[in-house]
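> quick one, structure for this:
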Amino acid sequence: MPDRHVNFGLWYDLRNPQPSSVSFETLYQQSLEQMVWAESLGFDSVWLTEHHFCEDGYTPSPLVVAAAIGQATTLQIGTNLMLLPLADPVRLAEDAATLSILTGGRFDLGVGLGYRQLEFDYFERKLSQRPSLMEEGIDIIRQAWSGEPVRITGKRYQIDGLAITPVPSRPPRLFMGGMVEPAIARAARLGDGFLSTGGIGHDVYVQALDAQGKERSKGAIAAGHWAIIAPDPAAELAKIGRHVLYQINQYVSWGAFGPPDEVPLFADAVTAARDGLYELWDADAAVAGLTQMLDDYPEIVDVHFWAQFPGEPVASGSARIEYIANQVLPRVRANISIKSHA
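All right, here's what the predicted structure looks like:
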């Protein structure tokens, strides 16, 4: 049996909440430099995410950032995730194809439904129409990358024979995200893989593959992991807790985990770390936890961690990145290599 290869990467939202003494120009430059450095340490991938109209500047244009990363590194690049129901799927297909061409096929397009009313209002979409916008959008994108004219007569889009070029020689993989059963089942049915958040839905995805008569080996999971990995995790949380609390409570207030009036905010960082999506791990715990997750879910092809939390200095995140690269990744890679030969 050949060695199993799993990419390990970093996840960026490029948020810069106020008050901040760092300009966006500096943050973006420091982040690009961090990615180049992380690749030299042995990381394999970088993932970007999308939201709009956020006071902290949450990445509104991940594909532009991806093009810069593609020129500065040889990392695999993906989006976890972009909001397909808000996009023009033809334009998204063109941009993603261009990225694949520029990077020699190193770009994966990950998409999700979205949930913020403000975004849907501005882009003149309806939250209730997200499933059909998603399914028809996926159909259009796949047709656009096929080299054949796009044809669709749907609820949301009507296209009759539109030729879309250029066609990449290696089309991006289409990953689909979600945290509830219908979205995860849709990823198993329509996607090339599933984007997970904080470990949610791995079991549901595997069950959905089985329900659709697909072998587990045909599935793929790109796992967005929320671990805080440091020599002394409790001390690390004490240092960066306000950034962690800001991150999770923003998502709660936007409705990421259910209606905001029904899901309470976390009172403090310790509670968020205990009851949220986070894991507090030192190297030994991280090696054990990641190895177990990869054993349980051989579908996982990528595991990526937040490079830093909103408002946290890039240098602070870099300390954890170096610790993971030196103390965690070699041991996890060795473990999965040994098991692949067992």
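
> hey, let's count contacts and neighbours off CA atoms from now on
Fine.

> could you verify that Asp302 is part of a helix?
No - with DSSP: H, G, I helix; E, B strand; the rest coil as the criterion, Asp302 is located in strand rather than a helix.

> how confident was the prediction at it?
We have a pLDDT of 98 for Asp302.

> again, but for the one 5 residues further on
The predicted local distance difference test score for Ala307 is 98.

> tell me how many other residues crowd it.
Look at Ala307: counted by other Cα atoms under 10 Å, it has 27 neighbours.

> how about the helices in the stretch 151-300 of the chain?
181-190, 202-211, 233-254, 269-275, 283-296 (DSSP state H, counting those that start in this stretch).

> which one of those helices lies nearest to Ala223?
Ala223 lies closest to helix 202-211 among those, at 8.8 Å (Cα to Cα).

> any low-confidence regions in the protein?
Residue ranges of the chain with pLDDT under 70: 1-2, 341-342.

> center of it, which residue is that?
The residue lying closest to the centre of the chain (Cα atoms, centre = their mean) is Asn80, at 2.2 Å.

> compare the helices of the stretch 151-300 of the chain and give me the one nearest Gln308.
Comparison of these against Gln308 by Cα to Cα identifies helix 233-254 as nearest, at 8.8 Å.

> how about the strands in the stretch 101-250 of the chain?
107-112, 150-153, 158-162, 174-177, 193-197, 221-225, 227-229 (DSSP state E, counting those that start in this stretch).

> if we can go back for a sec, out of the helices of the stretch 151-300 of the chain, which is closest to Ala315?
Ala315 lies closest, by Cα to Cα, to one member of those: helix 233-254, at 12.2 Å.

> identify all contacting residues around the closest one.
Contacting residues not belonging to helix 233-254 are listed as 115-116, 228, 230, 257-258, 260, 263-266, 268-270, 272, 276, 280-282, 309-312 [Cα atoms under 8 Å, 6 or more residues apart in numbering].

> give me the number of residues near the closest residue in space to Glu39 that isn't next to it in sequence?
Distances taken as Cα to Cα, 6 or more residues apart in numbering place Leu75 nearest to Glu39, at 6.9 Å, with adjacent residues excluded. Neighbour count of Leu75, defined by other Cα under 10 Å: 24.

> Leu75: what's it in contact with?
Applying Cα under 8 Å, 6+ apart, the residues contacting Leu75 are 39, 43-46, 69, 106.

> one step back: contacting residues for the residue nearest to the centre of the chain?
Counted by Cα under 8 Å, 6+ apart, Asn80 has contacts 47-50, 110-111, 177, 195, 224.

> who wins for neighbours among those residues?
Leu195 (31 neighbours).

> does Ser132 really touch Ile140, like I thought?
No - using Cα atoms under 8 Å, Ser132 is not in contact with Ile140; the gap is 12.0 Å.

> and these two? Which one has more around it.
Applying other Cα under 10 Å to Ser132 and Ile140 shows that Ile140 carries more neighbours, namely 23 against 15.

> the more buried one: what's it in contact with?
89-90, 150-152.

> change it to 7 Å
89-90, 150 (Cα atoms under 7 Å, 6 or more residues apart in numbering).

> how close does it sit to Leu113?
For Ile140, the distance to Leu113 (Cα to Cα, to the nearest Å) stands at 16 Å.

> check Val180 too.
If you go by Cα to Cα, the gap between Val180 and Leu113 works out to 11 Å.

> more neighbours, these two?
Using other Cα under 10 Å, the more surrounded residue of Val180 and Leu113 is Leu113, with 21 against 12.

> for that one, what are its contacts?
Per Cα under 7 Å, 6+ apart, neighbours of Leu113: 83-85, 130, 134.

> who wins on neighbours among those?
Tallying neighbours with other Cα under 10 Å puts Pro85 at the head of the contacts of Leu113, with 27 neighbours.

> residues near the spatially closest residue to Gln158 that is not a sequence neighbour, how many?
Excluding its sequence neighbours, the residue lying closest to Gln158 (Cα to Cα, 6+ apart) is Ile152, at 5.4 Å. A count of nearby residues for Ile152, using other Cα under 10 Å, gives 16.

> and Ile152, how far from Glu33?
As judged by Cα to Cα, Ile152 and Glu33 stand 43 Å apart.

> distance between stretch 152-163 and the chain's centre?
Distance of stretch 152-163 from its chain centroid, counting by Cα atoms, centre = their mean, to the nearest Å, is 29 Å.

> pull the residues that contact it.
With Cα under 7 Å, 6+ apart, stretch 152-163 has contacts from 133, 136, 148-151.

> just the terminal-to-terminal distance for it.
End to end - Cα to Cα - stretch 152-163 spans 13 Å.

> that one: which residues count as buried?
Neighbour-count burial for stretch 152-163 flags 152, 157 (criterion: 16 or more other Cα atoms under 10 Å).

> stretch 332-342 too?
Those would be 332-333, 335-337, for stretch 332-342 by 16+ other Cα under 10 Å.

> and Ala227, how far is that from Gln76?
In this structure, Ala227 and Gln76 are 21 Å apart, going by Cα to Cα.

> typo on my end, Ile229
When Ile229 is compared with Gln76 (using Cα to Cα), they lie 22 Å apart.

> contacts for stretch 317-333?
41-42, 229-230, 283, 286-287, 291, 307-308.

> cool, stretch 308-316 as well?
Here stretch 308-316 has contacts from 15-17, 30-31, 243-244, 247, 317, using Cα under 7 Å, 6+ apart.

> perfect, I'm done here.
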